[in-house]
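Peer 1: sequence first, predicted model second:
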Amino acid sequence: MIFAAGVQHALHVQRVLGERGHECGFVCGETLPFERTETLQRFREGNLKYLVNVNVLTTGFDRAEHRLRVLLRPTNSPGLYYQMVGRGFRLHPGKANCLVLDFGGNILRHGPVDSLRIKDRNPGNGEAPAKECPQCHVVVHAAYSLCPECGHQFPSRSGRSMIAVLGCRCALRRGNRYPLRRPGGSLRRPLQAHAGPEHPPTMRVDYQRD
């Protein structure tokens, strides 16, 4: 699932994938209801591998077996960032992980999805940081890595980086090994207040170091 910055940007992504032999669906707020329903149904059934959207599938759409999220847009909203990424971590039989490709700097901006940095609201009066696209000369927010109008890729200031999208505070540091004893666990329902009986159970395992 791909999240684009605008309609023209999404159409550009769809066209580029098509030129490479990959069919990509497209939905936005102006997509006709019957067309959106058909496209989403094909995506759910696995007949459509790629789906790009503009402000449509950030909330209210779920496909638990989904293993890839591509963020081609920035957002200053930690809630929206969580919605775009979070559903990729829903459990599903045969699914071991979910890959998140963040080209909008959202992980750097908001932190891991399980440890969001919530900033105090500050109605600043300064101008938002911006830059001009050298190809089509449109002025966009400085966080854009791709121009939403023409698809031009801005050079990265720091190069490719691998940033954890999950904080995973319980993970052991790489390279460290600890002897453990008396492992024990218990099956329990999810801890979320809104969780219902249809939510999958979680497993808690406790270890003690020797």
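Peer 2: Received, thanks.
Peer 1: flag the shaky bits of this protein, pLDDT-wise.
Peer 2: 58-65, 120-129, 156-163, 166-210 (pLDDT under 70).
Peer 1: care to break it down by domain?
Peer 2: 2-141, 180-209 (automatic domain parsing).
Peer 1: just name the most buried of those domains.
Peer 2: domain 2-141 (a mean of 15; mean count of other C-beta atoms under 10 Å). Glycine gets a C-beta too; all of them are placed from N, C-alpha and C.
Peer 1: mind listing the strands for the chain?
Peer 2: With DSSP state E applied, the chain shows strands at 2-3, 24-27, 50-53, 68-71, 99-102, 130-132, 139-141, 180-188, 202-209, listed in chain order.
Peer 1: before we move on, back to that, can you redo the domains of the chain as TSV with distance to H152?
Peer 2: Output for the domains of the chain, formatted as TSV (distance: least, C-beta to C-beta, whole Å):
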stretch	distance to H152
domain 2-141	4
domain 180-209	41
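Peer 1: so which of those comes closest to V165?
Peer 2: Minimum separation from V165 across the domains of the chain (C-beta to C-beta) falls at domain 2-141, 4.6 Å.
Peer 1: for F154, which of the domains of the chain is the nearest?
Peer 2: Per C-beta to C-beta, nearest to F154 of the domains of the chain: domain 2-141, 7.1 Å.
Peer 1: how about residues contacting stretch 99-119?
Peer 2: Identification of contacts with stretch 99-119 by C-beta atoms under 8 Å, 6 or more residues apart in numbering yields 5, 67-76, 78, 81-82, 84-86, 88-89, 143-146, 163-169.
Peer 1: in helices, which of the residues you listed fall?
Peer 2: P78, Y81, Y82, M84, V85, G86 (DSSP state H).
Peer 1: correct me, but the fifth one touches G79?
Peer 2: No: V85 is not in contact with G79 according to C-beta atoms under 8 Å; the separation is 11.2 Å.
Peer 1: among the ones in helices among the contacts of stretch 99-119, which one sits closest to V56?
Peer 2: Nearest member of the ones in helices among the contacts of stretch 99-119 to V56, counting by C-beta to C-beta, is M84, at 11.3 Å.
Peer 1: for A130, see how far away that closest one is.
Peer 2: 23 Å (C-beta to C-beta, to the nearest Å).
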